Structure formats: C-alpha cells, structure tokens
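Colleague: Predicted model and sequence below, questions to follow.
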Amino acid sequence: MNLHSNSAVGSATNERKSLASLLPNVTLTEPANLAAATIAAANLPSVTAELVKDFAYRAATLVVRSYEKTFTLDYWFYSIDGSPWLRLRVELPEGIRELPSISEQAHAIDWHERYAEDLFGLTFTGHPKLGDFVLHEEWPEGANPMLSDFDASALLIDKEVDPQWQPEKILQTSGAFVMPIGPVYSDYAESAQFFLETVGEDVVRMIPRLHFKYRGIEKHAEGQAFDRAVLMAERFSGSSAVAHATALCQAAEMAVHVDVPPRAQAIRLVAAELERFRHHLAILSDICHSTGMIVPSADVDILEEDALRLSARWAGHRYLYGLICPGGVSRDFSAGEMAALQSGIEEFSRRADRLRRHLEITSSFLDRFEGVGVVPLANARKLGLVGPIARASAWATDLRIYRPYGFYGVAAGIGSPPLEAMESEGDGYARIRVLFSELFTATEWMRRAIKHLPDGPIHKALPDSDGEAIGYVEAPKGAAIHFLELSAGRVKRWQITSPSFVNWHGFHLAAENFAFQDFPIMMASFGLSIAESDR
Amino acid sequence: MPSWFIKGLFSPVKTTRFPKQPETAPGAVPGRPVATDFTSPEQAAHAAAQCPTGAIRAGHISADVNLNQCIYCQRCARTEPPMAWKADYTWARRLRANNLTPQPFRKSLHIRIVDTGSCDAVIQEIKQLSKPYYNMHKLGFFITPTPRHADVLMVTGPLTHHMRLALKKTYDAMPEPKWVIAVGGCALSGCVFSRGFTSAGTVLESLPVDVEVPGCPPPPMAILYGLMLLAGRVGEMPSAKPTIMEKA
Amino acid sequence: MNTPEIIFAAALAFCLAGALVSAWAPSQWAGRILAIFGTTAATLLLTGAAAVIVSHTSVSLTLWRLPILGRLRLDVDGISAFFMLALAMSFLPACLFSDGYMRRYIGHYDPRAFNIFFHLLLGVCIILLSAGDVITFLLSWRIMSALATFPITLEHRVNEHRRAGYLFLAMNEAGIITATFGLLWMAALAGGHIGFSALHAALVGTSPTVRWTLFLVIFFGFAVKAGLLPVSSWLPRAHPVAPANMSAILSGCLLNFGIYGIVRFDAVILPPISAGPGLLVLTVGSISALVGILYAAIDNDMKKMLAHSSTENLGIVTANIGMGMVFTAYHLPMLAAIAYVVAMYHMINHSAYKTLLFLGAGAVDQHAGTRHMNQLGGLIKRMPLIAALFLVGALAIAAIPPLNGFASEWLTLQTILRSEDFAPRFSRVVFGLCGAGLALTAALAVTCFVKAFAMSFLGKPRSTAAASAAKPARSAAAAMAFLAAACVVLGLGVTWMIPAINSAMRPLTHDLAAQALNPPFFNNATARHPLPAAFEKSFTQLGARIGAGVIPGRGLVVMHRGGSANPVVYAMSTFYMAGVLAIIIFVTWLGVRLLTRRRRVIVGEQWAGGLRRLSPDMTYSATGFSNPIRVIFKSIFAPAIRENSAVAVAGHFRTAITQERDDGYIVDRLFLRPLTATASLLSRALARLHRPAVVNAYAAWVLLALLLMLIINRIW
Ligand code: SF4
C-alpha cells in the first residue's frame, strides 16, 4: 500500500506515520485505495490547511448527507501522486447546523460550501459570502431541497420578491456600474447571468450567477433505480454524456464490488476519447466563432459535424447516449466497426493538425487570444482548477495519467504513456494549444485501446446491494467526480462534482480587469458548460 | 499567414440539399423508434417494458412510440425482438393549425433561443444549424439576440424554476405575430428531469407551442424540418402522427 | 445728461437701493428683493448698453481731478457697452433666478449678506466697465474682486468653501498686483496720462522690448481673471462652492472682465506690432480650451464640469483675440477685424449659455439634492421644462446648429484656416496646431455635454433624491427661458450680431468685419463689393436668395478667399439650417405618424436579458461615459487610484472593492504646487535669516539690498 503524502523523498512508512499523526483514527481500505478519518468540526480548518500544504492533497468535493436530524459531511481529498483518496468525515449532532468553513484553507471548496449552505441549510462560519447561489431570490425561505425530509415532487410556491431587488455589487466606487448579461443573452448561449462591474472601459470584476438551469437531478434521483440515474448522468450535460455516465457507473461498480469486464472497459475508453475529441472540436469551433474568422470556423464546424456523424455511425447516437450502462457497455462492436472508427478519427486528427498549423501562423487570430484571460499557476492551484484550463496554466490534473481508472492503466502501460498536454502561459492561446494537443492524445489513447481490445463479455450485471463509493473520470472538461450511495440497488445519495462547476468558480477570479470586448473570447476559450455546472 | 480566403473559395460545398432533396448522409440523424408489428402480445409487452420513460405503448400485437417521451436510450432497439427503427428526421409536428405563418414571414424568420435547462447537447445541435452542413440562413432562418426582433421563440429544456420568469419576459418582449417552437424531449415531456420542486411544468404546458420537435437531442435536420414546418414550407409527414394518441 | 447716462445712473441707483433694502428687510425676502432690484438694474443696463451700441454714441463723465494723477473719468464707449451687454444679459436672469433659489439658504446661512454684496457687485461692475482711466479701473477692479469673494463663500462654515474663497482672493490679488504694476508702468511711460484715449496715443513710439514686457505683464495679470492656463487653479474650485446664481455670474460675466482687460490694454491701447504676442495669446487660448474641455468631459460634478468648460470657452475667445493680434501685426486689418468680432461674439454666446447651464445646474442641485451626475438621472420626468431649457444650453455650448455656439465656433475654425493668407511658416505652424487643438476641443465639447444632459436628465434616477426631485420654481424656468431665447436669437441673428459687434469694437475692427462676413449681395442691396459673377450665379441657384427680401441677412455668414477669378467660399446660414432642421423634424414626425397610424403601439418593459429588475446601478454612469477620455488622456490627468484592498479581500475572497480615483488638475500639478512649494521654501530660507543669532548676516543682507538698489538706480 502506498501512502505517499507527496512524491518527494522519504520512505513510505515515514509518510504513513505522518498522515496517521495528523489524523490518529485514519483507516485504510485496500482495494478502493481510500483513507478515511472522522474528525471534530472544530479541527477541520487546521487539518485541511496541513493536508493542502504538507501532503499536497487537493480538495475534491464535499458530500453532505442529511438524515432525520443529523448531518454527515464528507470532505474528499485526492492527490495526483498515488496517495490514497482521503475522506474526512464530520458528523453534526442533532440541533447543530453550523461548522467552520475551510474555503480559506482550501479555496476550491468555496462553492461546495455555498452549495451545501443553500441546499442543506447549513452554515459555514467564517465564509464571507453565503446565500443566493443555487437558490435564487424567489425561492421560498427555508426550503432546502437536499434535506432528507424534503419532498422532491412537491411544487414550490414562490416567495414575494422585494420590488427593489438587485444583485449584490462588489465594486464600491462612485460611478461604478454593472453591465448585466443574461440569463437570456447572446445567440446560442446557455442560460446564466454575468454581472460585469466596471467604471467604464475595463471590466474590473465579473460575477457569474449560475444555477438558472438547476434541475435538482441529485435530489430527483434519490430513491430511483440505479439505471435511471445513469440516464440522468448522460443527459444532464449531453456533451460529456459518456464521461459522467462512466464516472457514475464506476462509483456503483466500486460500491457493490463488481469488476467490469476488460473489453467493456476498453470500449468505454474508446467512447470517452471519441467524446473528448468531438467535445474539443466544439470548443475550438466556439473559439473560432468568437473571433469572427469565418473560414477557420467553418473548417472546425465541418470537422465537428463529421465527428458527430462518425459517432452516430459507430454507436447509433451522435452524442453516444445509451452506450454506457451499469456493469459495462450496452453493445459490442465488431473489429470492422472499430477499424472504421479508427480510420475516421485518424483522418480527422490529420485535418485538425493541418488546421492547427494554419491557425498558429494567423496573427489576427493569435492577437485575440494571447494574454487574454490569464490564469497564473498560483491561481490555478488555489482554485483547484481541473482539465484543459488547469493544464494550460501548468497545473497537472489529468486523472487518466495520475489516477488511472478503467482501461487507462492498461493502455498507459503499452509503450510510454501519452503525455499530459501542458502549457504554462495560462492565457487563451495556451488553452487553445492544450485543446489541440488533447485531440492528438485522445487519438493515441483510442489507437491503443482499439489495437489491444481484449476479448470477452461486455457487461456484468450489478447486484441490488448496498454500498457507497466515489467514481471519477477525466471528463473532456476535467475531473468529474461522482459520489454514490446505493441502498438495495436504489440511489440513496448521489453527488456530482463536475469540472464546469469547479472551473466556473475559477473563471470569475480569472476574469478581472479585462476589456469588455474580450469577454466573449474569454468565455469561448474557457469553454465551460452551464448544464454541467448547474445539474 | 495562410490565405483563408483562397482556402474558403476552394472548399467544397457541404450544405444539405434539404428540402430539395432529402438528407441521406449516414450519421446525420440517429433515426427513431416507430410503431412496430410483433407476432405476439408478449413481444409487444416486452418491447414496451424496455422503455425507461414509458414512451412505448403496447397495443395488442403491436407497439407504438410517443416520441415526445423518447430519450434515445436505444434499449428498445437492442432488445429481441427490437422495435423498428426508421432513419428519418421528419418527425416534427404542428400543434396549432390555426396559427399559420403568413406569407411575408415565410422566407425570413428570426429566432430567439431560450434555454430553460436543457443539456448542452441540444444547444450544440441548434448551433449546428448555422454551421456549414446545415446553414439555415440559406433557408431564411436567422438567430437574433434580442426578442424584440424575433418572430419565433425556440425553447429547449424542462423549464426550470429559475428560468420561468426569464422565459415569460422573453415571450412578452416579442412583438406579434409570434410563434413558439419547442425543441427536444426535455421541452416536451421533461426528458429525464422530473417534475417537482425544480420544474412545475414543461414548456409545452406553459407556452402556446406551435411546433414541437422531439428528440434527445433532436438532430439538426429534425430542427430544420421543424422550422420549415413552422414556416409552412414543407408539409407534415403523416408518419409523424402517432397511431395511438396520448391521453388529452 | 442724455438718455443712456440717465439709464446708467438709474441702474446704479437700483443697485444701491437693492443693497440698502436687503440690509433692512428680513432674510426670507432676499430672493424676491434680488429679483426686483437686481433684475430692474440689469434690465436698465441692458437697455442702456444696447442704446450706446445702436446709436454709436459714447457716454462720458468726468468725475474729479486728483492732485497728481489727473482726471478721473467714466467713459462708456462701444467696447464698454458691449461688455455691459454681456454683463446685463447674465445678471438679469441670475437675479430673477434668485427668487426661488435663495430659499434654500434660509435658516442655514444669511442670504441678506449675499444680497448686499450681489447688488453692490453689479454696481461696481458697471463702474468698472465704464471706467475711462487707469485709476478708476484699478480701484473698481480691486473692489469688484473683494466683493465677489463674499457671495462665493456664502456657505462659509464649510471648510472647503472657505479654502476656495481664499484661493480665489489670493490668485485674483496676484493678478491685480501684476496688472496694477503693468498699468501704472504704462501710465508712467505715457508721461503720466491715465485716460485710456490719451494712453493709446502716448504709447505709439515705445520700444518693442518694453511693449513685449508690458504686454506679458498685462496679459498674465488679466489671464487670472479670465481663468486661462496656467493661472486657472481658482476657477474649478470657486465655481462649485458658490451658490448657483453666483457661479453663473462668475462664469457669465466676471470672467469676461479678464477678456476686457486684455482687449482694452493689450489690443486697443497697446496694439501689437509683432506677431509674437498674438501667437502667445493664441497658444495660451488654445491650450486652455483643450485642457478645459478635457477636465470638463471627465468631471461628474455638474458645476465643476461647467467651470472647466468656462476655461475652455474663454480659451476659445482668447485664441480669437490672439489671432486678431497676429493679423493686426501682419497688417491684415480685415482678418483681424473678423477675429476680434468672432472673439466678442463667442464671448457673449458663452455668457448666454453658460449662465443658462449654471442656473440649470443650480435648479437641479436645489431640487434633486445633488449635482453629482452619478447620482442623478431621469430628471426629465420630474422637471421637463428645466430639462428642455438645459438641453438648449447644452446644444448651444456643444456647437450644434443653428444655435449660437455653432455660429461662433464655425467662425473660429474658419478664421484659423485663414492663416494660409500670410507667409511666415512658424506662424502657420502655430495656427495649424492651435486649429487642430480647437477642433478637438469642439469634438470633446459634444461628448461632454451629451454626458451632462443624458446622465442628469435621461435614464433612470440613480438616487432616491433624484427620483423624488421637487418641481422647481417658476422664476427658475423664467430665468432660463430668457437665456435659452438669447441662445436662439444670438444664433439665428448672426447677421445682426456681426455688424453690431463690428461697430461697437470700432477701434479694433475699423468697421471691416461686417462687410467681409455679410456681403451686401445677400441682403439684396446694391453690392458695393460685388462678388464674382460665377459665384453669385451658382449661389443664387443654390437658393441663397430665397427669402432675401423678407428676412434680411438670414443668418448667412460667408468666409471667402482667393482672388476674384478663383474664389473659395465657405458659407453658413443658421437661419437656413434652422429651416431645414425644422423641415426634417416635421417630415420625420409626419412619416412616423403616417406609418404607425393604424398600428397598435405596445409599450413594454425594457429588455434586459430576462433579468428580474434593471436597477439604476445597471445603467451607464457618468464616470463610465467619460472613462474612454480618462484612459486616452491618462498622461494629462495623471490620476491617483487608490484601491482599498484591506476591505476588499477577505483571505481569498474579494467581497468589496473600493476604488477611489483622483484626477489631479494639471495646472495645480505643473504650476500652482511648484510655485507654492518654491514660495514656502524661499520664505523658510528668509525666515532663517531672521534668526536673532545671525544679526550680522541680517544687517549684511540689508546693506547688500541697498547697494543693489543704488546700482539699479544708477544704471536706469
Ligand atoms: S429509445 Fe426511446 S422508445 Fe426506445 S426505449 Fe429508449 S426511450 Fe423508449
């Protein structure tokens, strides 16, 4: 068992001692590679500070569970150096709804706390900004939907909203004003609101107001049969359907201790990389459109639609819905189908490479992205960014490489593993370069999985038993972490931590002091999804 | 510095020839399950049982599909015996026969899109409409950012609690005459998103919808067909009507 | 005593009576008294001045003979009368406006004191302008400056107001001392003559160096009063603190006295014989104009903005005077005449619209509780009449045809283009640069006043005070309506104004400008200076004779150059423009009416992206509107930005950002502060010498000074 607190020098035993010295009652679960400890709420900030500083742990998510009168809060941490996932549990006794905030120590948990505050009615003391997050101004007082006794099927009666209502304003300067954008804005944008605070010319601060699309799927899934939750996982953010369905299924499979057949794992890998390929093309298309360059846009657009059509020819659905199922995949592919897919992707990747080379020497294109929306490494670390955005700021996060799951471990072992695409500038152009490189690494992953596709069954039924686990994948936008608790094959608690949720949190801090006309370009280069964040 | 202009000039035309010719490119549409005749009542019942949303209704020895509820899980296609699957895209339906688009609007309709909680795939598919393969501008459909210029309100999503006000404001801000096209299973039946505290009713129940385009997500061709149907420039396909009508 | 004399005497009597009545009456009556006595005095003055100008007479009155210095006299010639006209035009509405306005001070400050000084100020101003000799002039000037300080600091309990008052007094005092020195030196050079007419004759033969020095001393002495750079520091401070009627007077007539001094002494008595002084005046004027409008454009305090804009307008006037001086030096009397006429025309225009705008700002301040544009907005709904009148002023000052500002700015820019007509390259370069500066000024003026009007009167109210602003008194609207009418008349009547100014300023214009600017051809008279036939023909075809018999002049102004074979003509008619504008507006209105006749108009909510409520915070602010200018001209403003990050950042969170931005006044930065710093350094050094321990050194200094004086005396 490897309990490195970080990959630096020091023997494994010493490290283990140190984690145990910080958390005396820590326990280890072998196959899940999970360290768990229960601590007192008061110790939370100090323990977190040490975990983040000395153990290189990153805050992954906060899973709150509500029982009749008590709460359990699981703070999940992970690291990219092979140390186990860490779960810090805090139990709130009856009558207590308050605990210290740790978003000062691990800023990535900021929005998670606000989420829990809104949906569970908990108070995180020391958090300077709570309220008006998931639930907006008209939401009835005291209706905390994630509480165990909240009836999800009941319709809500809106609260009377103050006619003078206005959102919070941060910039307190004479003449400062807010440019409100949304929730209905732009041509094709998803619904979200942005308040651009300015005194004219440059935007000093941008505050996103999300969750207009809050569909409460985590609540609605409670009590449903597990495979219903998989359908939801595919459909709450269709552009990353495979990733979320896989993460959820992996959580379930881990919870009920089922090993997915290798062939199914390999097919999942192929599907995930195909999805990533198509997803990145869509982001690149938005990026090209944001600069108004018609020919490159058309080029990427054609490529994107070709990838969609290839997906539909391969798996019957343009967005690969219905392919991932609990315990495996729902259909098998012949060698011919796999070969057709591979040759298609190889051709696309050649076309994409040509496009990349052309764009790289188009100065009017580069001018719009260089130095725009810069996220320095320190910010990426502080905010716990994930995915291509983090990688563009040289913040390593690729779970496929650092915490291999499914078939990735095998595929990485074939020859040298595909490198994580990394850039260091953290600006729009760096993100574009990361997106392009990931097209090529996706092709490489697929190539390996198809070449070494194992034989065997594609599916193994899951028993209707109890259990809980974390499932994670590297979704196209970054780490997607699903926590699932099953009870007799039904969902008891499901918590999605989507990369968009994490990165939107980072986006509003990256977007400071920028020119108004850069806003669409920054949005495009971040390529975030509202549907994925709002869930 | 590459000459994008020359590259553009010499790129082949990709745009669909619809409505002059039907679109037949493989993969452009996922098709759809259609009414199927089986040999025994058990088979029909089995097919209906596969469907997680109850979109399939078993008749005596046949089964029919209410496409509004279909979420394209393809389970009915992968069971034995499967439901028949038809590779078309002409499944949009007109709901308000008395609200036809008058002549002057038919060849130039401006559309405002409102997302009331749909997944990003639906938005992506709508975006495709203005991209080279579908190029709806050629057919006289335009996207406008302000409802003040819009003739058509295109709504997606299950109509979340938070989006009701914005949707109402958008609809109210549109000048008369106006039409509504609901796109995607989520706008029509809620898709997998349940009714309750987050959604008090679908778009179909909240606005006077003129044309509905089922699908999860509906492929661009289906949306394009829906728009042409709204503009009165293509006829409704008889097959789009379900043989077993859903309850009123 | 002839009629004008009686009228002037009556005006003075009313001023005095007003002051006496004010002292006696209760303070509630202050506004009413001012409205009665002040307005009557100003009306009388207006009539008298107009009579002098129209009748081409001059009034003169010998006061008494001083033992050594000679006769003191009052002498109202055309120039004086013209300045009196501007004075009266500004005083009349300001007094009328006071009726409702002074009420705001009752119970806080004593409006009676204000009243007394205000009345006396008008009287002293009349005497100042009619002064016919250096001594009377300087005496009344000094009294005028001192008197003006009191009304400015009416709200004397506010520290900032007192400081502004001291600065006003100090800087004007410095100006007076300089000017006094210059004028007395002048009198000395002229062999003791103190009468203006005698001075001119006596100074003809002085050496160029002496003339240059004299010119500089007098120019900068009076530039302080005119609020020109670099001695304008008092202006943006004194205006905002003064009550609105006083600010209006300050801008509308007291600044003009600076111009009066420059015209009277630098142009009439000491006409330039080389181009240098003129070019200097032109440059100072242009720079003042540009810097003034830049600061006006970014300032959000209505009155401060107007104050900066006064620097701009006085700069334009000064630039025109400078041009006139250059043309005089180059022996181009007709061009010089045009330039002087334009200068005076612009000055009186400025008096009209600036008084109007200050009164408007005062009405806003009084009834909306603030004059900070970021807190205003939507006032057009609360005070539509004031808004409409303010708009007239804003359009006029932004030089929008057919109003008066347009007429004089058009003429200014056209005059500058005439620099091609004389040879020296250096002068042409200076003219070119100044022309560019003035053109930029004109453009920025539009931005500035679009902001001023839009941010104050349009949109949503940005504060509760603005949302619940009270309806202003009728006297305010009446006063402003008078001035708005003046703006229109001065604009449309450009063909009447030019000959009037031309004859009033005869010593400078020699009656040449009117003929050049309003060729008789257009007045359907027998042409004394026939224009080329081809030009006449094409002009007739263009419709220049339409209405010639009915409306004489029709506001048509012509600038032409080139020979008779190839004339280049620029022509402008405010009258025709007004006509065309009216037709365009009417046709548009009719068109819209016809097109929408059968349509149902639905008034809906603003579209704000589905946002629940568009709060006033979400509309463009005045700061936002002018920020591009701040960014572009950053090096001039050299802003000090303070971000209070202690409050702003709670650990990783940024909860509230407070930013404060101070756009330092460039004049303070480059001139006033170094000056005061040097002065205090020097005084400290001197103070050190006074220490008792170094008595010897002190004695040595005294001796040295004596020695120096002896040497100087010797050489002289
Ligand atoms: S594809 Fe549609 S009809 Fe078929 S099972 Fe799935 S939801 Fe039901």
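Modeller: Arrived safely, thanks for sending.
Colleague: Find the nearest non-adjacent residue to the residue of chain B found nearest chain A, please.
Modeller: When distances are taken as Cβ to the nearest Cβ, chain B approaches chain A most closely through B:Ala121, which lies 2.6 Å from it. No exception for glycine: its C-beta is placed from N, CA and C like everyone else's. Using Cβ to Cβ, 6 or more residues apart in numbering or on different chains and skipping the chain neighbours, the partner closest in space to B:Ala121 is A:Gly238 (2.6 Å).
Colleague: ok, the one you found - contacts?
Modeller: If you count contacts by Cβ atoms under 8 Å, 6 or more residues apart in numbering or on different chains, A:Gly238 has them with A:319, A:321, A:531, B:119-122, B:124, B:217.
Colleague: what does A:Ile458 give?
Modeller: Taking Cβ under 8 Å, 6+ apart as the criterion, A:Ile458 is in contact with A:261, A:263-264, A:267, A:328-329, A:331-332.
Colleague: try 7 Å
Modeller: Listed by Cβ atoms under 7 Å, 6 or more residues apart in numbering or on different chains, the contact set of A:Ile458 reads A:261, A:263-264, A:267, A:328-329, A:332.
Colleague: So the closest residue to the ligand within chain C, which state does it fall into?
Modeller: As assessed by Cβ to the nearest ligand atom, the ligand sits closest to C:Gly610 within chain C, at 31.5 Å. Here C:Gly610 takes the coil state, with states given by DSSP: H, G, I helix; E, B strand; the rest coil.
Colleague: ok, back up a step: for the contacts of A:Gly238, which one is nearest chain C?
Modeller: Closest to chain C out of those is A:Ala531 (17.4 Å), distances taken as Cβ to the nearest Cβ.
Colleague: Which helix or strand contains residue 219?
Modeller: Just so you know, I chose chain A. Element membership of A:Lys219, judged by DSSP states H and E, is helix A:217-221.
Colleague: Can you look at chain C instead?
Modeller: Using DSSP H and E, the element containing C:Phe219 is helix C:208-226.
Colleague: what's in contact with the next helix-or-strand element following that helix?
Modeller: Of the helices and strands lying after helix C:208-226 in sequence (DSSP H and E), the nearest is helix C:235-241. Contacting residues not belonging to helix C:235-241 are listed as C:152, C:155, C:160-161, C:164, C:167-168, C:227, C:247, C:250-251, C:295, C:301, C:303-304, C:306-308, C:310-311, C:665 [Cβ under 7 Å, 6+ apart].
Colleague: repeat for stretch C:616-624
Modeller: When contacts are defined by Cβ under 7 Å, 6+ apart, stretch C:616-624 is touched by residues A:166, A:169, A:174-175, A:177-178, A:180, A:198-200, C:300, C:373-374, C:377, C:451, C:455, C:459-462.
Colleague: so which of those residues are also by the ligand?
Modeller: Taking Cβ under 6 Å from any ligand atom as the test, the ligand is in contact with none of the contacts of stretch C:616-624.
Colleague: Which ones among those map onto strands?
Modeller: Among the contacts of stretch C:616-624, the members falling in strands are A:177-178, A:180, A:198 (criterion: DSSP state E).
Colleague: so how far is A:His358 from the residue of chain B closest to chain A?
Modeller: In this structure, B:Ala121 and A:His358 are separated by 29 Å, where distance is defined by Cβ to Cβ, to the nearest Å.
Colleague: More neighbours: which of the two?
Modeller: Taking other Cβ atoms under 10 Å in any protein chain shown, B:Ala121 and A:His358 do not tie; B:Ala121 has more neighbours (28 against 18).
Colleague: Pretty sure that one sits against A:Leu320.
Modeller: No: assessed by Cβ atoms under 7 Å, B:Ala121 is found out of contact with A:Leu320, at 10.0 Å.
Colleague: Can you give me the neighbour number for A:Met522?
Modeller: The number of residues near A:Met522, taken as other Cβ under 10 Å, comes to 22.
Colleague: got a list of what it touches?
Modeller: With contact taken as Cβ under 7 Å, 6+ apart, A:Met522 is in contact with A:372-373, A:428, A:511, A:514.
Colleague: again, only using 8 Å
Modeller: With contacts taken as Cβ under 8 Å, 6+ apart, A:Met522 has the following neighbours: A:372-373, A:428, A:507, A:510-511, A:514.
Colleague: From those, which land in strands?
Modeller: A:Phe514.
Colleague: want to throw the contacts of A:Met522 into TSV with distance to B:Leu153 and neighbour count?
Modeller: Formatted as TSV, the entries for the contacts of A:Met522 read as follows, by distance: Cβ to Cβ, whole Å; neighbours: other Cβ atoms under 10 Å in any protein chain shown:
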residue	distance to B:Leu153	neighbour count
A:Val372	33	18
A:Gly373	32	26
A:Gly428	33	26
A:Phe507	29	22
A:Ala510	34	23
A:Ala511	30	22
A:Phe514	32	21
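Colleague: Would you check which pair of the contacts of A:Gly238 lies furthest apart?
Modeller: The most widely separated members of the contacts of A:Gly238, counting by Cβ to Cβ, are A:Tyr321 and A:Ala531 (14.2 Å).
Colleague: So those two - more neighbours on which side?
Modeller: A:Ala531 (28 against 25).
Colleague: Give me the pLDDT for residue 501.
Modeller: Using chain A here. Turning to A:Phe501, the model gives it a pLDDT of 89.
Colleague: think we crossed wires, I meant chain C
Modeller: 87.
Colleague: Correct me if wrong: it contacts C:Phe82.
Modeller: Yes: under the contact definition of Cβ atoms under 8 Å, C:Ile501 touches C:Phe82, with a separation of 6.6 Å.
Colleague: where do the contact lists of those two overlap?
Modeller: With contacts defined as Cβ under 8 Å, 6+ apart, the residues adjacent to both C:Ile501 and C:Phe82 are C:344, C:348.
Colleague: hang on, the earlier thing: overlap in contacts of B:Ala121 and A:Leu320?
Modeller: With Cβ under 8 Å, 6+ apart as the test, B:Ala121 and A:Leu320 both reach A:Ala241.
Colleague: Enumerate every residue touching the residue of chain B closest to chain A.
Modeller: Each residue near B:Ala121 by Cβ under 8 Å, 6+ apart is listed here: A:237-239, A:241, A:319, B:217.
Colleague: let's go with 7 Å and repeat that
Modeller: Taking Cβ under 7 Å, 6+ apart as the definition, contacts of B:Ala121 comprise A:238-239, A:319, B:217.
Colleague: tell me which of those is nearest to C:Phe265?
Modeller: Of all the contacts of B:Ala121, the one sitting nearest C:Phe265 is A:Ser239; the distance, using Cβ to Cβ, is 80.4 Å.
Colleague: just checking, that closest one is part of a helix?
Modeller: Yes: residue state for A:Ser239 (three-state DSSP) corresponds to a helix.
Colleague: Find the nearest non-adjacent residue to it, please.
Modeller: In this structure, A:Ser239 finds its nearest non-sequential neighbour in B:Asp120, 4.5 Å apart by Cβ to Cβ, 6+ apart.
Colleague: same deal with C:Ala81?
Modeller: Beyond its immediate neighbours in the sequence, the residue positioned closest to C:Ala81 (Cβ to Cβ, 6+ apart) is C:Val52, lying 3.7 Å away.
Colleague: How about C:Val210?
Modeller: C:Leu189 (7.0 Å).
Colleague: Pull the contacting residues for the one you found.
Modeller: The neighbourhood of C:Leu189, defined by Cβ under 7 Å, 6+ apart, consists of C:203, C:206, C:210.
Colleague: To what extent is residue 174 buried, counted in neighbours?
Modeller: I went with chain A, as the question did not name one. By other Cβ under 10 Å, 16 other residues sit near A:Ser174.
Colleague: Wait, chain B was what I had in mind.
Modeller: By the criterion of other Cβ under 10 Å, B:Met174 has 22 neighbours.
Colleague: Done for today, thanks.
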